[in-house]
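Asks: Here's my sequence, what's the structure:
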Amino acid sequence: MKKEKTLAIMAAGLGSRFGGLKQLHYITANNYSIIDFSIYDAIKAGFNTIVFIVREDILKDFKIRYEKQLNPDITIKFVIQDIKSIPNPYKAKCKRKKPWGTGHALLMLKDVVTNNFALINADDFYGRTAFKMMHDALFASGAANTNFLLGYDLKNTLSNSGSVSRGECIVDNNNCLVSIHERTEIEKQKSGVITYTDIKNTDVVLTPETIVSMNFWGFSPKILEIALHRFNYFLESSETNDNAEFYITTIVDYTIKNKLMPFKMLPTSSQWYGITYKDDINAISANISQLIQQYIYPEKLW
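Replies: Numbering: from 1, shown residues only. Predicted structure coming up:
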């Protein structure tokens, strides 16, 4: 039996700022989306199992596109992220209409993942080097209880179309993660200064070289136990709050501060490409031909 080397893809987002199903939006003339390039790069790096975290209403779309299209050697799985996927004590009070964000998406893997695994966003282009770095780190001997994240320079992750959210990473001299904080409303001002909005609604300056997470994680399965524990804690006060978000960064920061497991940052100077807004498609389309040549993608990915 082959050892599962899993890449999980968070694809359940509502795409409210985009205005549609951006996860499968075509960015090339031959009808490939960003997620297709991520799957191709992951398989080339050595991953052999793909788990799609999706909503019930888009499950059929994903099954049609991927269930029988990839090489038979690649295992395909689907898990549903929805508001029913919460511990029983909270279901009776829950009137929320959307899932609780990235931390909730991570938790959906608890019944399907048993080995180390990687986790990414569906709508971000990370580059082949990133997948190779993560694969080799995750499945090296001695990595059983170590977690990883790809660290990007903030200046390489901004959108020209509006503000974005990022996890600001603080690392030590050994590139071990010391803390991570979710920053929202990050954007470059007309002056060129990059700021985010804090809880007091004040603009705080970030340097262009600030290391941020783009939700490219490498996890030990032990993280799922911690995620469940923190989700229960989160629901105690937030299960009826329609705007509350349960972030992966919340789980990671708790894990680090309580010294439950270490996180190693894998630095990359790669330029990020992603779709947050409709207008981002123009930037992606303008760069995709260059990326295809740079990474030597075939005309048909599969």
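
Asks: and Thr6, what are its bridge partners?
Replies: Thr49, Phe117 (DSSP bridges).

Asks: Would you quantify the distance from it to Trp217?
Replies: 12 Å (CB to CB, to the nearest Å). Quick note: C-beta positions are derived from backbone N, CA and C, even for glycine.

Asks: residues shared between the contacts of the two?
Replies: Ala118 (CB atoms under 8 Å, 6 or more residues apart in numbering).

Asks: Would you agree Trp302 is in contact with Leu70?
Replies: Yes: contact criterion CB atoms under 8 Å: Trp302 and Leu70 qualify, at 5.6 Å.

Asks: quick one: which of these two has more around it?
Replies: Leu70 (17 against 12; other CB atoms under 10 Å).

Asks: which ones are touching the more buried one?
Replies: Leu70 neighbours (CB under 8 Å, 6+ apart): Ile39, Ile43, Ile50, Ile76, Trp302.

Asks: Adding pLDDT, distance to Ile186 and secondary structure, write the residues you listed out as TSV.
Replies: Formatted as TSV, those follow (pLDDT from 0 to 100; distance: CB to CB, whole Å; DSSP: H, G, I helix; E, B strand; the rest coil):
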residue	pLDDT	distance to Ile186	secondary structure
Ile39	95	28	helix
Ile43	96	32	helix
Ile50	97	30	strand
Ile76	96	34	strand
Trp302	78	35	coil
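
Asks: where along the stretch 51-200 of the chain do the strands fall?
Replies: Counting by DSSP state E, counting those that start in this stretch, one finds strands in the stretch 51-200 of the chain at the ranges 75-80, 117-121, 124-125, 147-153, 164-171, 177-188, 194-197.

Asks: Show me the shaky parts of the stretch 101-250 of the chain.
Replies: Along the stretch 101-250 of the chain, segments meeting pLDDT under 70 span 239-240.

Asks: can you give me the helices for it?
Replies: With DSSP state H, counting those that start in this stretch as the criterion, the stretch 101-250 of the chain has helices at 102-107, 128-138, 222-238, 248-257.

Asks: among these, which is nearest Asn121?
Replies: helix 102-107 (8.4 Å; CB to CB).

Asks: For that closest one, what is the distance to the chain centroid?
Replies: Its chain's C-alpha centre and that of helix 102-107 lie 10 Å apart, by CA atoms, centre = their mean, to the nearest Å.

Asks: Could you do stretch 30-43 as well?
Replies: 15 Å.

Asks: got it, and stretch 151-163?
Replies: 15 Å.

Asks: first to last residue in that stretch, what's the distance?
Replies: End-to-end distance of stretch 151-163 (CA to CA, to the nearest Å): 19 Å.

Asks: circling back: would you tell me which of the strands of the stretch 51-200 of the chain gets closest to Lys257?
Replies: The nearest among these, by CB to CB, is strand 177-188 at 7.1 Å.

Asks: ok, that closest one: who's next to it in the sheet?
Replies: Here, using DSSP bridges, strand 177-188 pairs with strand 164-171 (antiparallel), strand 194-197 (antiparallel).

Asks: Tell me how far Cys176 lies from Glu225.
Replies: 21 Å.

Asks: Tell me how far the nearest residue to Ser179 once chain neighbours are set aside lies from Ile180.
Replies: Excluding the flanking residues, the one nearest Ser179 by CB to CB, 6 or more residues apart in numbering is Ile170, at 4.7 Å. Look at Ile170 and Ile180: by CB to CB, they are 7 Å apart.
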